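In: Need the 3D shape of this:
(one chain, ligands or ions: 1)
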Amino acid sequence: VSAPPRTADGQAFRFRADRLCLDLCSTLLWRHRAAEELLLVPDDLARWIHEAGLRPVPAVVEPAALRDAIDLREAVYRAAHARMRREPAAAADRATINRLAAAPVAAPSIDRDGLAARHAAEPAAAALSAVARDAIDLLTGPLADRVRECAADDCAFLFVDTSRPGTRRWCSPTRCGNREHVRDHRRRRRTTRDDAS
Ligand SMILES: [Zn+2]
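Out: Model prediction:
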């Protein structure tokens, strides 16, 4: 297995898909090459929940919640691929998504300064529930047919193609799209050189 490419985003969490459930899938980088886990310890999950904009951010994440997050991520990834093949999701993956979606999400409220706040007795479970509900929403809704995997052969990020013709290929045109254009260019140059020799 070849080493993962070095990119400008490094070890940072990616939020390219703008969908909670697909962005959670992106916490495992380079799935098709040397997979790199970004959710290594419970604090990583707390950081992801914070960066994903989910509130409240748990002060402490139990190891069980980290295991749930990884189970959910893999279930969503496989369920999305099943959907792309026009197949039903595996029963075990549906069970994982449904179990985590059943937990209450954070309740919204207005605080005394007139600002929105969110409360949850179990903030980590509430965050994973929001992600699981997003997956159900996406995979059973009108955008289910628009879920795609990035066309870069080393990138496994999922995205929703909202372009009118439905021909978007990259998780990010400025990231994988650019990398692919550079690779194409090198390939073409190499071919030209080989032709000349
Ligand atoms: Zn990509």
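In: Now do the SS call for the most centrally placed residue in the chain.
Out: Geometric centre of the chain, nearest residue: Asp23, 2.4 Å, by Cα atoms, centre = their mean. State at Asp23, reduced to three classes by DSSP: H, G, I helix; E, B strand; the rest coil: helix.
In: got the contact list for it?
Out: Shown in contact with Asp23 (Cβ atoms under 8 Å, 6 or more residues apart in numbering): 13-17, 52. C-betas here are computed from N, CA, C, even on glycine.
In: now, which of these sits nearest the ion?
Out: Arg16 (7.6 Å; Cβ to the ion).
In: What count of nearby residues applies to Cys155?
Out: Using other Cβ atoms under 10 Å as the criterion, Cys155 is surrounded by 23 other residues.
In: if I look at the closest residue to it other than its chain neighbours, how far off is the ion?
Out: Setting aside the residues directly before and after it, Cys155 is nearest to Cys176 in space (Cβ to Cβ, 6 or more residues apart in numbering), at 5.0 Å. In this view, Cys176 and the ion are 3 Å apart by Cβ to the ion, to the nearest Å.
In: Based on its surroundings, how many neighbours for Cys176?
Out: Other residues close to Cys176 by other Cβ under 10 Å number 22.
In: per-residue confidence at Arg179?
Out: Note on Arg179: pLDDT of 87.
In: Tell me the buried residues in the helix or strand containing it?
Out: If you go by DSSP states H and E, Arg179 is part of helix 178-196. Residues of helix 178-196 classed as buried: 179-180 (neighbour count, 16 or more other Cβ atoms under 10 Å).
In: The helix or strand bottoming out on mean pLDDT in the chain: how far from the chain's middle?
Out: Least confident element among the helices and strands of the chain, by mean pLDDT, DSSP states H and E: helix 178-196 (a mean of 77). Centroid separation between helix 178-196 and its chain, computed with Cα atoms, centre = their mean, to the nearest Å, is 31 Å.
In: if you look at that helix, does any of it touch the ion?
Out: No - figure legend: helix 178-196 not in contact with the ion (Cβ under 5 Å from the ion); closest approach 8.1 Å.
In: Just the CA atoms of the strand or helix carrying Pro108, as CSV, please.
Out: Take DSSP H and E as the rule and Pro108 turns out to sit in strand 107-110. Extracted as CSV, the C-alpha positions of strand 107-110 are listed here (Å, rounded to 0.1, in the frame of the first residue of the first chain):
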residue,chain,number,x,y,z
ALA,A,107,-33.1,20.8,22.6
PRO,A,108,-33.0,24.4,21.5
SER,A,109,-33.8,27.3,23.8
ILE,A,110,-33.5,31.1,24.0
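In: Okay, now the sheet partners of that strand, with direction.
Out: Its sheet considered, strand 107-110 pairs with strand 116-119 (antiparallel) by DSSP bridges.
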